[in-house]
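**Q** Show me the folded form of this:
(2 chains)
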2 protein chains.
Amino acid sequence: MINLDLIKQISRPSSTRIVLLVIDGLGGLPDPETGKTELETARTPNLDKLAGKGICGLSDPVGPGITPGSAPGHLALFGYDPVSCNIGRGALEAVGVDFDLGPEDVATRGNFCTVDGAGLVADRRAGRISTQNSAELCRLLDGQVINGVEVLVRPVKDHRFIAVFRGEGLSAEVGDSDPQQIGVAPLTVNGSSPESGRIASVANQFIARAKTALAGHHPANMLLLRGFSKRPEYPSMSDIYRLKPAAIAGYPMYRGLARLVGMEILETGAEIEDEIKTLTQNFAKYDFFFLHVKAADAAGEDGDFGRKVAVLEELDSLLPGLTVLQPDVIAVAGDHSTPALLEGHSWHPVPFLLSSPYCRPDKVDKFSESACLSGGLGRFSATQIMTLAMANALKLNKFGA
Amino acid sequence: MINLDLIKQISRPSSTRIVLLVIDGLGGLPDPETGKTELETARTPNLDKLAGKGICGLSDPVGPGITPGSAPGHLALFGYDPVSCNIGRGALEAVGVDFDLGPEDVATRGNFCTVDGAGLVADRRAGRISTQNSAELCRLLDGQVINGVEVLVRPVKDHRFIAVFRGEGLSAEVGDSDPQQIGVAPLTVNGSSPESGRIASVANQFIARAKTALAGHHPANMLLLRGFSKRPEYPSMSDIYRLKPAAIAGYPMYRGLARLVGMEILETGAEIEDEIKTLTQNFAKYDFFFLHVKAADAAGEDGDFGRKVAVLEELDSLLPGLTVLQPDVIAVAGDHSTPALLEGHSWHPVPFLLSSPYCRPDKVDKFSESACLSGGLGRFSATQIMTLAMANALKLNKFGA
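**A** Modelled structure (predicted):
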């Protein structure tokens, strides 16, 4: 079991630098014809070289058999218990679009949807209207004040948006209005605790007003809210690890997660090349970098085995731009597996490698699922990755007398 | 997670014998030139033979990435949770010099130091005065009674000593007088709880009197106290495991730790040969032996790769003196790694082997870090070693109906 209090006691600042390269959805499953996973199919000479010098293993983000969402997958990599530190859907969506969520705000994830003449849900996604169209509708609904509570509405992507309720003493202990099926009416928001009457009332009034305002905007003539939640309060990475941590992530969701654990967010582009350029420019200024590569997961989600292979090969070809900086510790990890075969996240353990002058190298000289299985780290919890990286960077004092 | 209550429920006395051979600082890191660790470099035919007949693995004393001190490293080997059973610096130092620490005593670790004319610390170690000199100064300060509290002062080594406050109802919840830096005045001992006023007052009076008494003894003209702590109360090994356990250790620190878990301490010499002789002479009288070999750790701490190799080879050559006794279970373990490359304890997992007629042997036939990685025990927590030894000695009943 991880114990962040213990780590906090023994962390010490030092001049060494750690790069945690997270390849989203890294792990895969074999192509039924070749018997090789995406990573085993890709030509990755630079990752293989790093594996040869380093120590490898297979990491479990939450536990064997558990498929993690993006939040638990990343929280585990940052050393936080992904179960007790779980984050609500609405709050994650809000921090994921760089929304500055206050500690008292209640965030929800919204869908524009289509209701029929009888008020029953006909399409939960309003025909997946464009992000631009969605943004116009958000402006229509944004900024209302209901019973002293301000409602902030921002577009996310396609038919998805966030609605954030800002006021004092609001509870998030209410159920969804989204019935998660068609042919039924949207649900009334109901409180599950005595304190939740106010937020339920405000949310229901907001939904009623929205129904009126959207009436003429078919197919987006109604909305559904779910995942009422507040921003979780995590101890910061600088507090626990005494690091000066920076995040380099082209996608907003991962910047949002990094912000929740107190990382500084560096401006960067959407491509791997942009991210490595950002790393290079900022390398002297921080002692910990979280560098996030999204495209492998996106290809896996699309079930595109070949594209995932291509992303891994592209990353590998750009890796010398990272290794030339000579970080004291390089850790290459994934937040979870995303096998093209499953077209989604999966529970399979994730290849991991750590390279440092003090890592006690194993005999693995190929970065792949099957090779990492016999690595020196064995099969281990992803929550131990930060402790290992800190130890190898000589940033942890001895525990106990 | 270890569960000593469970083990206690199923332990049964029997005539079988266990020897737990602890090679302090056993694990290492490869020499950058040869790629081999100390243990991989050493010629150890007897350990290899034992590995060939036994089952091997790599043990984590506290957890991946955590570098243990001597106390947590050994407590884990004895089956105790090294985090919750942690011991204070002062108490460890006291039990480490065979001081008979009572349950109400508050022990501190002291340094003789040098202060300048303005009372600021000029040298925290008083020029590392000799143990003999230190012993004389301890006699000067020993035996005072302040507000009904007796203060016992004993030399440790060089400038280091212990001061033990003996009285009823004393709290140990106070901070250090040692500022851990030079150029500042020693700190006033301050209580961190309402109950700690008395010990703080006594400690401050003791320090003031010591300053007067030491005034003419430059460079040792002052002292610093740290690590106020009481003796931890652990359940004894005979209570948990129903063993009659004995400790054979040439160094006082390890005798002290063994005493804390209720082992009987056998008189022995400082050399491995002496310890094996003591084992032989007492073999009929006990059913569990903790045999501690210090020299490997000392060589690692000194950064002396070659000497560590030589210690391991010496131990190996003496091993037949142990195996000829035919213990039912032989477990060879380390309390932590001490790679010569790092000149100190480290976080790396430690080679382990267990030999018994019932151990289900693996294919490992060399006792080394890399060979143990593919051993039948895999990578596991050192707190499981006692349970494994007990099981292999047929000293554990079936659990559950």
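**Q** Would you pull up the residue in chain A closest to chain B?
**A** A:Thr387 (3.4 Å; C-beta to the nearest C-beta). In short, each C-beta sits where N, CA and C put it, glycine included.
**Q** And for that residue, the neighbour number?
**A** Neighbours of A:Thr387 under the rule other C-beta atoms under 10 Å in any protein chain shown: 24.
**Q** isn't it right up against B:Pro64?
**A** Yes: A:Thr387 lies in contact with B:Pro64 (C-beta atoms under 8 Å); the separation is 6.2 Å.
**Q** If you tally nearby residues, what's the number for A:Asn397?
**A** With other C-beta under 10 Å as criterion, A:Asn397 counts 11.
**Q** Leaving out chain neighbours, which residue sits closest to it?
**A** Using C-beta to C-beta, 6 or more residues apart in numbering or on different chains and skipping residues adjacent in sequence, the residue nearest A:Asn397 is A:Ile10, 4.4 Å away.
**Q** count of residues packed around the one you found?
**A** Counted with other C-beta under 10 Å, A:Ile10 comes out at 19.
**Q** Can you name the residues that contact it?
**A** By C-beta atoms under 8 Å, 6 or more residues apart in numbering or on different chains, A:Ile10 lies in contact with A:396-399, B:66.
**Q** pretty sure A:His292 belongs to a strand, no?
**A** Yes: the assignment for A:His292 by DSSP: H, G, I helix; E, B strand; the rest coil puts it in a strand.
**Q** Next, the contact list for the closest residue to A:Asp365 other than its chain neighbours, please.
**A** Once flanking residues are discounted, A:Asp365 sits nearest to A:Gly52: 3.8 Å by C-beta to C-beta, 6+ apart. Residues near A:Gly52 by C-beta under 8 Å, 6+ apart: A:361, A:364-365.
**Q** Give me the longest helix you can find in chain A.
**A** For chain A, the helix with the greatest residue count under DSSP state H is helix A:197-214.
**Q** Contacts for whichever helix or strand comes after that one, please.
**A** The C-terminal neighbour of helix A:197-214 among helices and strands, as given by DSSP states H and E, is strand A:222-229. Residues outside strand A:222-229 that contact it (C-beta under 8 Å, 6+ apart): A:87-93, A:106-115, A:121, A:124, A:141, A:161, A:163, A:172-180, A:186, A:189, A:199, A:203, A:207, A:210-211, A:214.
**Q** Spell out whether stretch A:288-297 and chain B are in contact.
**A** No: taking C-beta under 8 Å from any C-beta of the partner chain as the criterion, stretch A:288-297 and chain B are apart, separated by no less than 14.9 Å.
**Q** Would you indicate which residues of that stretch are buried?
**A** For stretch A:288-297, the neighbour count (16 or more other C-beta atoms under 10 Å in any protein chain shown) marks A:288-297 as buried.
**Q** just stretch A:23-40 next, same as before
**A** Result for stretch A:23-40 [16+ other C-beta under 10 Å]: buried residues A:23-31, A:36-40.
**Q** same thing with stretch A:113-130?
**A** Neighbour-count burial for stretch A:113-130 [16+ other C-beta under 10 Å]: A:113-115, A:121-127, A:129.
**Q** In strands, which of the residues you listed fall?
**A** Members of the buried residues of stretch A:113-130 lying in strands (criterion: DSSP state E): A:113-115, A:121-123.
**Q** still on that earlier bit, show the contacting residues for the residue of chain A closest to chain B.
**A** Taking C-beta under 8 Å, 6+ apart as the test, what A:Thr387 contacts is A:2, A:7, A:79, A:396, B:63-66.
**Q** 10 Å instead?
**A** Neighbouring residues of A:Thr387 by C-beta atoms under 10 Å, 6 or more residues apart in numbering or on different chains: A:2-4, A:6-7, A:10-11, A:79, A:241, A:396, B:63-66, B:347.
**Q** picking that back up, could you dump the contacts of A:Ile10 to CSV with distance to B:Ser355 and pLDDT?
**A** Output for these, formatted as CSV (distance: C-beta to C-beta, whole Å; pLDDT from 0 to 100):
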residue, distance to B:Ser355, pLDDT
A:Leu396, 34, 97
A:Asn397, 36, 95
A:Lys398, 31, 94
A:Phe399, 30, 94
B:Ile66, 28, 97
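**Q** Next, give me the two most distant ones among those residues.
**A** A:Asn397 and B:Ile66 (10.1 Å; C-beta to C-beta).
**Q** Tell me the buried residues within the contacts of strand A:222-229.
**A** Buried among the contacts of strand A:222-229 (16+ other C-beta under 10 Å): A:87-93, A:106-115, A:121, A:124, A:141, A:161, A:163, A:172-179, A:186, A:189, A:199, A:203, A:207, A:210, A:214.
**Q** Now, those residues that are in strands?
**A** Among these, the members falling in strands (DSSP E) are A:106-115, A:121, A:161, A:163.
**Q** Adding pLDDT as columns, could you present the residues you listed in CSV?
**A** Formatted as CSV, those follow (pLDDT from 0 to 100):
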residue, pLDDT
A:Val106, 97
A:Ala107, 97
A:Thr108, 97
A:Arg109, 95
A:Gly110, 96
A:Asn111, 95
A:Phe112, 97
A:Cys113, 97
A:Thr114, 97
A:Val115, 97
A:Val121, 96
A:Phe161, 96
A:Ala163, 98
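**Q** Now A:Ser201. Nearest residue, chain neighbours left out?
**A** Using C-beta to C-beta, 6+ apart, the nearest residue to A:Ser201 is A:Asn147, at 6.7 Å.
**Q** and the one you found, what does it touch?
**A** A:Asn147 sits in contact with A:167, A:198-199, A:201-202, A:205, where contact means C-beta under 10 Å, 6+ apart.
**Q** got it, and A:Pro361?
**A** Here A:Pro361 is in contact with A:51-56, A:354-355, A:375-376, B:29-30, B:35, B:370 (C-beta under 10 Å, 6+ apart).
**Q** mind redoing it with 8 Å?
**A** Listed by C-beta under 8 Å, 6+ apart, the contact set of A:Pro361 reads A:52-55, A:376, B:30.
**Q** Next: A:Ser171.
**A** A:Ser171 touches A:106, A:191, A:193, A:195-196, A:198-199, counting by C-beta under 8 Å, 6+ apart.
**Q** From B:Arg226, how far out is it?
**A** For A:Ser171, the distance to B:Arg226 (C-beta to C-beta, to the nearest Å) stands at 47 Å.
**Q** And for A:Asp123?
**A** Distance, A:Asp123 to B:Arg226, using C-beta to C-beta: 70 Å.
**Q** you'd agree A:Gly300 is in a helix?
**A** Yes: judged by three-state DSSP, A:Gly300 forms part of a helix.
**Q** neighbours of it, just the number please.
**A** So A:Gly300, with other C-beta under 10 Å, has 31 neighbours.
**Q** Just list the residues touching the nearest residue to A:His218 once chain neighbours are set aside, thanks.
**A** Among residues not flanking A:His218 along the chain, A:Thr114 sits closest, at 6.8 Å (C-beta to C-beta, 6+ apart). With contact set as C-beta under 8 Å, 6+ apart, A:Thr114 has these partners: A:121-123, A:126-127, A:218-222.
**Q** rerun at 7 Å
**A** A:Thr114 sits next to A:122-123, A:126-127, A:218-219, A:221-222 when contact means C-beta atoms under 7 Å, 6 or more residues apart in numbering or on different chains.
**Q** May I see those residues arranged in CSV, with pLDDT as well?
**A** Below are the contacts of A:Thr114 laid out as CSV (pLDDT from 0 to 100):
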residue, pLDDT
A:Ala122, 96
A:Asp123, 95
A:Ala126, 95
A:Gly127, 92
A:His218, 95
A:Pro219, 96
A:Asn221, 97
A:Met222, 98
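**Q** Of all pairs in these, which one is the farthest apart?
**A** A:Gly127 and A:Met222 (12.7 Å).
**Q** So which of the buried residues of stretch A:23-40 belong to strands?
**A** Those of these lying in strands (DSSP E): A:Ile23.
**Q** okay if I get the buried residues of stretch A:23-40 as TSV plus distance to A:Met253 and pLDDT?
**A** Shown next, in TSV, are the buried residues of stretch A:23-40 (distance: C-beta to C-beta, whole Å; pLDDT from 0 to 100):
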residue	distance to A:Met253	pLDDT
A:Ile23	15	98
A:Asp24	10	98
A:Gly25	13	98
A:Leu26	17	98
A:Gly27	19	98
A:Gly28	21	98
A:Leu29	24	98
A:Pro30	29	98
A:Asp31	28	97
A:Lys36	30	98
A:Thr37	25	98
A:Glu38	22	98
A:Leu39	23	98
A:Glu40	28	98
